[in-house]
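K.L.:
sequence plus the predicted model coming up.
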Amino acid sequence: QKSATKGIRCDSWRSKSALIGVAIIAVVNRTMPPLATLGLIVLSFCGVVLVVTRGDISGFLDTPQHYAANLLILLGMTSWMVYTFGAVRFTTWSPLRYTTLTMCLGAITILTINAALFATHAIAVPSLDDIFFVVPHVLYMGLVAGMAGVLCWNIGNKLLPPLNAALFLNLVPLVAFAVSALIGILPTHIQIIGACVTVSALVLNNFYHRLPVRQPDMASSQQ
């Protein structure tokens, strides 16, 4: 566990360049990222703002009905980042073991919360017809999107260096744009510019941390 903590401290700013990842690392390790990383984070965040608001920030602020949805998305992203960083703490665990144990705990949590909601009548107990209707969707989410997807993600993070693995996570908005275009929902020019700004900032941060660290000259340091 000490070696895992040391690895996080050495490669923390190289592992994730996203704003949430940097915030989590800053809290856990009680350190601040380099100034260049902070600048690129601000640039990345500006690109995200352009994508979310479509360039109309005032109009976005005037729609409070979207605040709850955005908060849930932010909470989900934060939880995923915490889950990803958690794998670094268990260096002796295989991806299969980490995926299995975490998914079992997740399933127990979901069942417990639903049982409590049913018992308190906060939500209605679904009928058999409703259960049969959602079975294919639940199987897909549980087996494909859940088990297979998370397992592949954990295996990839185990095989690739954290710096390279982080770049794949940044392809999510590009894939979302591509899927939206296939179903006829085309992104605006402002959203495309924002996505390019965000990806460029993340790639530049990746290259920045690949630069060799200049070691001080031993002779000059002794003088």
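P.N.:
Nice, I can see it. Numbering: from 1, shown residues only.

K.L.:
which positions within the helix ranked longest in the chain qualify as buried?
P.N.:
When the chain is parsed with DSSP state H, its longest helix is helix 95-119. In terms of neighbour count (16 or more other Cβ atoms under 10 Å), helix 95-119 has its buried residues at 95, 98-99, 102. C-beta here means a position set from N, CA and C on the backbone, and glycine is covered the same way.

K.L.:
likewise for stretch 137-156?
P.N.:
So, applying 16+ other Cβ under 10 Å, buried residues of stretch 137-156: 146, 150-151, 153-154.

K.L.:
how distant is it from the center of its chain?
P.N.:
Here stretch 137-156 is found 16 Å from its chain centre; the criterion is Cα atoms, centre = their mean, to the nearest Å.

K.L.:
also stretch 183-190?
P.N.:
23 Å.

K.L.:
and the nearest residue to Thr188 once chain neighbours are set aside, what does it touch?
P.N.:
Distances taken as Cβ to Cβ, 6 or more residues apart in numbering place Arg54 nearest to Thr188, at 5.4 Å, with adjacent residues excluded. Shown in contact with Arg54 (Cβ atoms under 8 Å, 6 or more residues apart in numbering): 188, 190-191.

K.L.:
quick one: the helices in this protein, in order.
P.N.:
For the chain, helices defined by DSSP H occupy the ranges 2-15, 19-29, 35-53, 57-61, 67-88, 95-119, 128-139, 149-159, 162-169, 172-182, 189-208, 218-222.

K.L.:
contacts only, for Leu204.
P.N.:
By Cβ under 8 Å, 6+ apart, the neighbours of Leu204 are Leu40.

K.L.:
when you give positions from now on, start the count at 20
P.N.:
Got it, first residue is 20 now, which makes that one Leu223.

K.L.:
look up how far Val68 lies from it.
P.N.:
18 Å (Cβ to Cβ, to the nearest Å).

K.L.:
and what of Leu230?
P.N.:
With distances taken as Cβ to Cβ, Leu230 is found 28 Å from Val68.

K.L.:
and the two? which has more neighbours close in?
P.N.:
Val68 (16 against 8; other Cβ atoms under 10 Å).
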